[in-house]
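[1] Provided below for reference: sequence and predicted model.
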Amino acid sequence: MTEAAKAARRAYQREWARKNPEKIKAQQERYWARKAAQQQTQQNREPQKE
């Protein structure tokens, strides 16, 4: 991909993000909910060290 194409892609994505903050927020919430669930699952699998 050329530098001009990369710059155009970044500009488009920045503009899209400005117009859709609710979609970005929803995606971030899904991401962190998924990460929290993964961490909880991992903690449940590991034996407790006392």
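    The structure has been received and is ready for your questions.
[2] for this structure, what's the longest helix?
    Taking DSSP state H as the criterion, the chain has its longest helix at helix 21-45.
[3] show me what that helix is in contact with.
    With contacts defined as CB atoms under 8 Å, 6 or more residues apart in numbering, helix 21-45 is touched by A17. Just so you know, the C-beta spots here come from the backbone N, C-alpha and C atoms, and that holds for glycine as well.
[4] adjust the sequence numbering to begin at 10 for everything that follows.
    All set: I'll call the first residue 10, so the last point we hit is now helix 30-54.
[5] can you give me the offset of that helix from its chain's centre?
    In terms of CA atoms, centre = their mean, to the nearest Å, the centre of helix 30-54 is found 9 Å from the chain centre.
[6] again, but for stretch 47-59
    On the basis of CA atoms, centre = their mean, the separation between the geometric centre of stretch 47-59 and that of its chain is 24 Å.
[7] average pLDDT across that stretch?
    For stretch 47-59, mean pLDDT is 82.
[8] also stretch 28-38?
    For stretch 28-38, the per-residue pLDDT averages 98.
[9] distance from it to the middle of the chain?
    On CA atoms, centre = their mean, the centre of stretch 28-38 falls 10 Å from that of its chain.
[10] let's see it as PDB, backbone CA atoms only.
    Only the C-alpha atoms of stretch 28-38 are listed here, as PDB (Å, rounded to 0.1, in the frame of the first residue of the first chain):
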ATOM      1  CA  LYS A  28     -19.100  10.900  13.200                       C
ATOM      2  CA  ASN A  29     -19.700   7.600  15.100                       C
ATOM      3  CA  PRO A  30     -18.600   8.000  18.800                       C
ATOM      4  CA  GLU A  31     -21.400   5.800  20.000                       C
ATOM      5  CA  LYS A  32     -20.200   2.900  17.800                       C
ATOM      6  CA  ILE A  33     -16.700   3.300  19.100                       C
ATOM      7  CA  LYS A  34     -17.900   3.400  22.700                       C
ATOM      8  CA  ALA A  35     -20.000   0.300  22.200                       C
ATOM      9  CA  GLN A  36     -17.100  -1.600  20.700                       C
ATOM     10  CA  GLN A  37     -14.800  -0.600  23.500                       C
ATOM     11  CA  GLU A  38     -17.400  -1.800  26.100                       C
END
